Structure formats: C-alpha cells, structure tokens
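>>> for reference, the sequence and a predicted model appear below.
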Amino acid sequence: MMTEEKKFVKIKCSDCENEQMTFKKVSSEVECLVCGAPLVNPTGGYSEFNGEIVEEIGITEEGE
C-alpha cells in the first residue's frame, strides 16, 4: 500500500489581506479571489508565493 501526502497552504494576499487555500505545487497562476492580485506562480517544483503563508496543511491518502 502506498501513501501520498497532498500539501495545501493558506496564503494571505499582500494587497487586500484576503486568506485563501491553494495547493503547494501549482501548475498555473493562482490569483486572489477578492482583488485579483497574483498569489502563486508555478515554477516546475514548489511554487513561488507572492503573499504570506499563514498555514501549511498535509493530507495523507492511502492507495494501492
């Protein structure tokens, strides 16, 4: 049995201070849902964050 950990982050927008959840590794740009400022940019590995990371959450899933 394999276990896979999915990582999420809660990031605070530096423009409007809105907090929202996103994946730690993204494949496309993530914008703030309130003001539209870019929050996360893809880099091919872990993402580049343009705001403050407030919290990191890891979820472990079991698979075959």
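Structure's in. What do you need?
>>> how many residues are close by Cys32?
Cys32 sits with 22 neighbouring residues when counted by other C-beta atoms under 10 Å. Heads up, the C-betas are built off the backbone N, CA and C, glycines and all.
>>> pLDDT at it, what is it?
Note on Cys32: pLDDT of 96.
>>> hang on, it packs against Cys13?
Yes - in this structure, Cys32 is within contact of Cys13 by C-beta atoms under 8 Å, at 4.3 Å.
>>> list residues touching both of those two?
Gln20, Leu39, Gly51 (C-beta atoms under 8 Å, 6 or more residues apart in numbering).
>>> so the second one makes contact with Thr22?
What that stands for is Leu39. Yes - between Leu39 and Thr22 there is a contact under C-beta under 8 Å: 6.9 Å.
>>> who's more crowded, these two?
Leu39 (26 against 15).
>>> could you say which helix or strand holds that one?
strand 38-41 (DSSP states H and E).
>>> and whichever helix or strand comes after that strand, what does it pack against?
Moving toward the C-terminus from strand 38-41, the next helix or strand (DSSP H and E) is strand 48-49. Here strand 48-49 touches strand 38-41, going by 3 or more C-beta pairs under 8 Å, 6 or more residues apart in numbering; DSSP states H and E.
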